[in-house]
Structure formats: structure tokens, C-alpha cells
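1. Sequence first, then the predicted structure, then my questions.
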There are 4 protein chains.
Amino acid sequence: MMAGEIAIERRRQILDGAVRVFARQGFHATRVSDIADQADVAYGLVYHYFQSKEKVLDEIFTERWSLLLEAIDAARDSDLAPREKLGTVAGFIIDSYRFDPELMKVIIVEVTRAANSFGRTHLDEIDDAYRRIAEIVSEGQEVGVFRADVDPYVASMSFYGVIEQVLTGWIFGLFPAADEDFDNARDLVVGLVCRGIDSEPETG
Amino acid sequence: MMAGEIAIERRRQILDGAVRVFARQGFHATRVSDIADQADVAYGLVYHYFQSKEKVLDEIFTERWSLLLEAIDAARDSDLAPREKLGTVAGFIIDSYRFDPELMKVIIVEVTRAANSFGRTHLDEIDDAYRRIAEIVSEGQEVGVFRADVDPYVASMSFYGVIEQVLTGWIFGLFPAADEDFDNARDLVVGLVCRGIDSEPETG
Amino acid sequence: MMAGEIAIERRRQILDGAVRVFARQGFHATRVSDIADQADVAYGLVYHYFQSKEKVLDEIFTERWSLLLEAIDAARDSDLAPREKLGTVAGFIIDSYRFDPELMKVIIVEVTRAANSFGRTHLDEIDDAYRRIAEIVSEGQEVGVFRADVDPYVASMSFYGVIEQVLTGWIFGLFPAADEDFDNARDLVVGLVCRGIDSEPETG
Amino acid sequence: MMAGEIAIERRRQILDGAVRVFARQGFHATRVSDIADQADVAYGLVYHYFQSKEKVLDEIFTERWSLLLEAIDAARDSDLAPREKLGTVAGFIIDSYRFDPELMKVIIVEVTRAANSFGRTHLDEIDDAYRRIAEIVSEGQEVGVFRADVDPYVASMSFYGVIEQVLTGWIFGLFPAADEDFDNARDLVVGLVCRGIDSEPETG
DNA sequence: TATGAATGAGTTTTCATTCAT
DNA sequence: AATGAATGAAAACTCATTCAT
């Protein structure tokens, strides 16, 4: 193993440690020394790899958020039906939480919902996701499966808002978080956003 | 005017000043001296009326949130149809933002979406709102206007999540916030949550 | 009862309240509001009667210490034998503690033993007591009942040091403080200072 | 020189600086910045090495007091006569003052005589000294050189009280503090405590 | 006299960041 | 790369004192 690889490993160690303490204590309440302790790394090394505590969170966020953007792109560009595309996106986010709840907690709590700090900093990236999801909605409207009288961007925001609220429920412990709950969540969210909660109009 | 009334006025002054600076800078970035300056009051007076900076925010939140809880109760106990009840609740929240955006920004950004700090502290009060809204959904299910296959609590969370996301859009400047936008928002949210974004199935 | 008398009563109330809180918490740890609360008097009234928190303690000390000076004078000028005079002084101090332990605790802990604060302020008054006691010792030397090779001032300091240490033992709870202990203390102190702890040399 | 040694040096620097400012201004009147300035060290370094200002004083006291306890033990366990043992103890304390008056001033003024703050905190350690000295007195009673009718613990307290009062005289500038005074003080104290101030009974 | 609201200087403590090794 | 000691700015909070009523 070469020196460069070790360095990469150390960065990882620090990022992973930071995720754990940020998830547990929140960004503001964690000291740089907490990150170093959790990562099992010397205090000063955090500053060797990162310019500041904020940059650590920035990287945590961007690393993950870019995967989300890719996932949305992939869904959008796929051959699936619009509703399935939304399902894919919802599934990706829900699985992200399912398999790394600490990371997603940090991203949601410390960034996307932190309008006064990191939310503002990363607003463009966050908005980017809304816009790409909106493109899926637009397509659905063009092919006639989604109503044309809803602004696609608003629909996108709402869709994302529902997903985040569900994750928030898990984060806060308001919802049960068993395997089956995760399994159902995707369809539940998509069903809710697409069909609403009204009972079906009598047909025929 | 009596001494007691002056004291009440001073509390108000401090609370109002705090809302303004919290909205502008965020809770963590505002110093107690900022509150005092904004409220045009001596530094120490903040501590005369409040035990700590946190207690100021606590009171700001609780004061407003209790109004929301009352509004939900009033809607729930009214003679309106379930969907109208949801509309009333959505309208109340949207109007709260419309007529005091700084206050609502503080409540959402610093409390309901701050899972690591005040969100946790006020979780019971927040959850209380979800539960009361869920009761409206339950009623709708009982009378058959809402689908029975959606958990009322999940539906309530989603409903609230959509509203908060819309407010977040305004807060971030992602949505236009003209009078007509506020006028439409209520029906838009309710329409979205109730009917979803699917185009109407062909009837007949 | 006239206005002047009420004023005197209020001063007393404040002084007495101050003694209780000073004894319990120490001078530094007691706030002016504690004094007011304990005295059952409005906050600002403390400042109506006293220039500052320090002046309250000054008066507490001086009021009592002047009694001690008078008692020493009375003993010194009496017809008693020198050893009896010392016994009278010791008895006065011990009884002062016996019948008002809080007051004496404050005087000792906050003034006579507080070399960096009030001890320095009241050094002349404290030293005055040492000098007057020394006069008793001098007289004893002149009439031949006390050894001439001990500096009277040093003897006086030692005598006072022993008494204060005994009071300190009570204050700290290191000594039992039953009635009989107080009864014995006077003779014990005088016996110790006069005869020492050596066993009697064999005579004859 | 290694890093560890430097760290130890810095602690020393801070402790020594603290002794000087505590002696000059008293614990309450010295700010942490005074300690840092006096120690010629950055502000934050005080907190790097000590949890709080109080812990600095705690360490100053305990470091020195443990030497005293050792000295008492050594005297008690020596082959000297009881009276000589007391002389050794008195000599140790007096020399402690003679060669480091600032340190002893801090210990006496801020700890052993501060019944409302550090005296209480360190009561066990202080009492430990009294008890060990009392063992010397007990031994003297057993071998018949000290009177049996004096409680050894009370005698110990008195002995210590006399020494402290003498040091207090020096601290306050009430006693001359030339070399000869220090030379004499030890015998003076022991003579006083052992033989008292009474003139010798006529023998023969 | 009496009240207690108002003032603001003063101090501890924290902790992100730097830097010498 | 790695370490952790050193730095010092920043902020919350306290509380003696003043003052308007």
C-alpha cells in the first residue's frame, strides 16, 4: 500500500468519524477533538486533511448528495414510467437512510433543513435535486399520467418534502423502523404523492 | 400604565427583537447582545426576563405553537368536511407565514426542523400537532372520503411535510411569494395531498 | 412607634438576614438579593441603608468587635488576677459563639481570617484586640505570674489563635458542641495557654 | 528535552505564577488572565492544563499539604522525644513560610482558613494533619511527658492554631520577620504550647 | 421610605485554528 | 504525514449598583 492510499484511508476515517459524532451530537455541539477521538486520529490531523470543521461537513454532504443527483439522473433517463421513476428516487433515498441512517441524519438535519447555515451554503446543490425531480414530473405531465395543473417544481418539492418528513419520523423515533417499514415506505410515499389520500372516485 | 404592564411590554420587546435576529442570523449565530440591541434594551435585561438565550427561543416557539394547536383543534371540532378541515389548518399555517414570516421562519428552521437541538426539546408539542391532524384524517376515513389504506399518522406527517416544504421554498426564495401565491398555496397543498398528482382516472 | 424607629428596625432586619446568609454561603457566594430575601425586605432597600454589600459586612463586624474590645477592656481593668482576666476574655468569645454561632462564624471566616480582603480592611481593629490582650499578659509578667521571657504580644496572638482554632473546630464540625463542651472550653483554653501541655515538673 | 518535560514545565510555570498572584490579590480577586500573564503563558493554556481556576488552587494546596503530611509522619515515626517531634513539625511549617512565604500565604489564607470555600473542600486533608499531630501528643501522654488531662486532638488543634497565628502575624506584617525571628519562632511556639505562659512553679 | 426594573462592566470558560517538532 | 501543545478571540452569564416611580 502506498502513502497516497494511506492518506485516502485517513480522510475516510475522519469523514466516517465525523458522521458518527455529527449524528449523535449535532454539528454545533461537536468539537473538532470529538471528531478526532471518534476517528481515532490525532487532533491536528483533522486540520491536515480539512481546512475547517465546516469543510468536513461540506464534504460529507457533497459526497452523498452527488450520488443522489446521479440516482435522480439515472431514473429520469431510464425507460421507466414516470411514476416508477419517482419510485426509484424515493427508494434510493429511503435505502440511503436504511443502510446508513447516521449519514442521512446528518445530511438532512445539518444541511438540507438548516436554512440558516449549511442549507444556504448548499442551496444550489439542493435545488438541483428539486429541479431534476421536477423534470420527471414534467415528463409525466407531457405523457398525460400526471395532472397538468400542478407546477412541476412545486410537485417536486412536495414529493421531496414528504420523503424527508418520513425520514424525520424515523430520526425522531416517531415511526417504527423495522425492515418491513422500510420495504413499504417507498410505495407508501409514491402512492401518497401520486394518488393523494382521497378515496377513489366511484368509477363506472 | 402600571409597572406590571411595562414589564410585559419589555418581555414583548425582547421576544420581538429576538425573532428578528433569529430569523436573520439563525439562533446559533446570534449573540445575546444582538437580541438586546435589536430590542433596544440593555444587555442584562434579557437575563432579567429570561433564564438563558435558549429560554427566549423556547417561549417564542411555545407561544406560537400553542396557537397552532388551538387552530387545529378548532378545525377538527368544526362542522366542516374533513378536506375543508385540512384546508383550514393549511391556511392557518400559510397565513402565519404570510403575516409574520420572520416568526415562522424561526419556528421552522430553529425548532421543528432542528432535530438535534430544539426539535428534540419540543418533540412532544410538535408531535401533538401531528396527532391532532391525524384525527382529522381518521375522521375522513370513517366517513369514507379518505382512503382507508393509509395510516392517518403518516398521512398527517406527509401533509405537514408538504406545508413545511412550501414554506421552506418561500424562506429560501425558491418560490415566488406574491399575494396571489399565498392565496393559492392553501388549495394547492390540500389538492396535492388529497388528490395527488396523478391525472384523474377516466370516469364513466 | 416613630419613623426613625422603623428605620432602625429595618437596618437590623437587613443585618440579621445578612449574617444568616453570609454564615451559610460565605460573603462571596451571597448576592445582595439573597440578603434582601433572607431579611424579607425589598431588594433596593439594602442600598437605601447601606452603601454596598461590603459595608453590610463591615457593620456586622464592627458592631460585634467593639463589644469584644469593651469586654477585653473591662477584663483588663477589673480586679481579677491576670489568669482570670484571660479566662473572662476567652469566656466572652466562646459565649459569643455559643449564643450566636452564625454571627461569630461570619466574623471569623469572613473577616479575621480573610487576610486578603476584610481582614486587611479591619486590621487595625483586630490588632487592637491583640494589643489589649497583650496588656493583660504584660501585667501578669509584672506581678510575676507569667513568664517574663515571652513577648506579651506573641503570647496574646497565641492565646487568640488557640481560641479561634477551637471555634473553627466547632464551625467545621470537628469538635462536639454540646453544652458541656462550651462550659469546659473556657478553662481548657486558659489552662492550655497558661500551663501548656507538659506534665507538671516534680516538685519537692 | 522531550515534549513531556516541556508540558511539565508549563504546568509548573502556571502553578508558580498562580501562587504569586493568589498571594498578592487573593483567589477571588485574581482573574485567570492574571495567572496567565504572571506565568507568561497564553490565556488558554491555563485551561489546557487545568479544568478551572479552582483546580489550580486545589493542586497548589494538595502538592504542598502532602509534603506537610509526610513531614508529620516522619517526625511521628522518628526516635525523637515527643516535644522534639512537635518542634520538628513546627519547624517544617515555619521554614515552609520562611522559604516560600507566598505559597504558605495562599495555603493558609485561601484554604485552611477559608471555611466557606476551599477549607471545606479540603477538610479531610486538613483534618488528617490534625490527627497525625494528635498521635504525637498521645504518645507524649503515654510516656508521661504530656499531661493526660488534655484531649490530644484539642491539643493538636491548639498547637496548629498557634503556628498559624504566628504565620498570620507575619503575613499581616504584625510581627518582625528577620532571620532571627524565624530562628526563634520554632522554639517559641513549642515552648509556649508545652510549658504555657505561667511562670515556673517554685521548685525546691 | 420602599420597590424592583434597568444597566452594563467584568469574568470564566470554550474551542476553532495555528504551529513547532 | 502526524502530533498535540499553544493561542486568543468570542460569548454566555452574573450581579453589584443605580434609578425612576
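-> Noted; the coordinates are in hand.

2. DNA strand E contacts on chain A?
-> A:Ala29, A:Thr30, A:Arg31, A:Val32, A:Ser33, A:Tyr43, A:Gly44, A:Tyr47, A:Ser52, A:Lys53, A:Glu54 (CB under 7 Å from any atom of the strand). C-betas here are computed from N, CA, C, even on glycine.

3. Report the two of the residues you listed separated the most.
-> The distance between the two most remote of the residues of chain A next to DNA strand E (CB to CB) is 21.5 Å, for A:Ala29 and A:Gly44.

4. Between the two, tell me which one has more neighbours.
-> A:Ala29 (12 against 9; other CB atoms under 10 Å in any protein chain shown).

5. wait, that one sits on B:Asn116?
-> Yes - shown here, A:Ala29 and B:Asn116 form a contact pair, counting by CB atoms under 8 Å, at 7.1 Å.

6. Ignoring the adjacent residues along the chain, who's closest to A:Ala155?
-> Using CB to CB, 6 or more residues apart in numbering or on different chains and skipping the chain neighbours, the partner closest in space to A:Ala155 is A:Val137 (4.7 Å).

7. OK, contacts around that neighbour?
-> With contact taken as CB atoms under 8 Å, 6 or more residues apart in numbering or on different chains, A:Val137 is in contact with A:Pro82, A:Leu86, A:Phe146, A:Val150, A:Pro152, A:Ala155, A:Ser156, A:Phe159, B:Ile197.

8. mind redoing it with 7 Å?
-> A:Phe146, A:Pro152, A:Ala155, A:Ser156, B:Ile197 (CB atoms under 7 Å, 6 or more residues apart in numbering or on different chains).

9. How many residues are close by the second one?
-> Spelled out, that is A:Pro152. Neighbours of A:Pro152 under the rule other CB under 10 Å: 21.

10. do the first one as well
-> Around A:Phe146 sit 24 other residues, with neighbours defined as other CB under 10 Å.

11. Verify the stated contact: it with A:Ser138.
-> No - look at A:Phe146 against A:Ser138 with CB atoms under 7 Å: they stay out of range, at 8.5 Å.

12. Quick one: buried ones out of the residues of chain A next to DNA strand E?
-> In terms of neighbour count (16 or more other CB atoms under 10 Å in any protein chain shown), the buried residues within the residues of chain A next to DNA strand E are A:Thr30, A:Val32, A:Lys53.

13. Quick check: the last one touching A:Thr30?
-> No - with the criterion set as CB under 7 Å, A:Lys53 and A:Thr30 do not qualify as a contacting pair; they are 8.1 Å apart.

14. domain parsing for chain A?
-> Following automatic domain parsing, one gets these domains for chain A: A:1-50, A:57-195.

15. most neighbours per residue, which of those?
-> domain A:57-195 (a mean of 19; mean count of other CB atoms under 10 Å in any protein chain shown).

16. And DNA strand F, is that one touching that?
-> No - interface with DNA strand F: domain A:57-195 contributes nothing (CB under 7 Å from any atom of the strand), its closest point being 13.5 Å away.

17. what mean pLDDT would you report for that domain?
-> Taken as a whole, domain A:57-195 has an average pLDDT of 96.

18. Let me know the distance separating A:Val89 from A:Leu15.
-> Per CB to CB, to the nearest Å, A:Val89 is found 25 Å from A:Leu15.

19. What of A:Asp37?
-> With distances taken as CB to CB, A:Asp37 is found 15 Å from A:Leu15.

20. A:Leu86 now?
-> As judged by CB to CB, A:Leu86 and A:Leu15 stand 30 Å apart.

21. contact partners of stretch A:95-107?
-> A:Val19, A:Arg20, A:Phe22, A:Ala23, A:Ile60, A:Phe61, A:Arg64, A:Leu167, A:Trp170, A:Ile171, A:Phe182.

22. swap in stretch A:26-40?
-> A:13-14, A:16-18, A:20-22, A:42-43, A:45-46, A:53, A:56-57, A:110, B:28, B:116-117.

23. Restrict that stretch to CA atoms and write it as PDB.
-> C-alpha atoms of stretch A:26-40 as PDB (Å, rounded to 0.1, in the frame of the first residue of the first chain):
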ATOM      1  CA  GLY A  26     -25.200  17.700  16.000                       C
ATOM      2  CA  PHE A  27     -22.700  19.800  14.200                       C
ATOM      3  CA  HIS A  28     -22.600  22.700  16.600                       C
ATOM      4  CA  ALA A  29     -22.200  20.600  19.700                       C
ATOM      5  CA  THR A  30     -19.300  18.600  18.300                       C
ATOM      6  CA  ARG A  31     -15.800  19.700  18.800                       C
ATOM      7  CA  VAL A  32     -13.000  19.000  16.400                       C
ATOM      8  CA  SER A  33     -11.500  16.900  19.100                       C
ATOM      9  CA  ASP A  34     -14.600  14.800  19.200                       C
ATOM     10  CA  ILE A  35     -14.200  14.100  15.500                       C
ATOM     11  CA  ALA A  36     -10.500  13.200  16.000                       C
ATOM     12  CA  ASP A  37     -11.400  10.900  19.000                       C
ATOM     13  CA  GLN A  38     -14.100   9.200  17.200                       C
ATOM     14  CA  ALA A  39     -11.900   8.700  14.100                       C
ATOM     15  CA  ASP A  40      -9.100   7.500  16.300                       C
END
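
24. any idea of the mean pLDDT for it?
-> Mean per-residue pLDDT for stretch A:26-40: 97.

25. how close does the nearest residue to A:Leu86 once chain neighbours are set aside get to D:Leu103?
-> Spatial nearest neighbour of A:Leu86, chain neighbours left out: A:Val190 (5.5 Å); criterion: CB to CB, 6+ apart. As judged by CB to CB, A:Val190 and D:Leu103 stand 76 Å apart.

26. and if you look at A:Tyr97?
-> A:Tyr97 is 61 Å from D:Leu103, by CB to CB.

27. which residues of chain A fall in helices?
-> A:3-25, A:32-39, A:43-49, A:53-76, A:82-99, A:101-106, A:118-121, A:123-142, A:152-172, A:179-195 (DSSP state H).

28. For C:Ser78, which of those helices is the nearest?
-> Closest among the helices of chain A, once you apply CB to CB, is helix A:32-39, at 70.6 Å.

29. does that closest one come close to DNA strand F?
-> No - applying CB under 7 Å from any atom of the strand, one finds helix A:32-39 separated from DNA strand F by no less than 8.0 Å.
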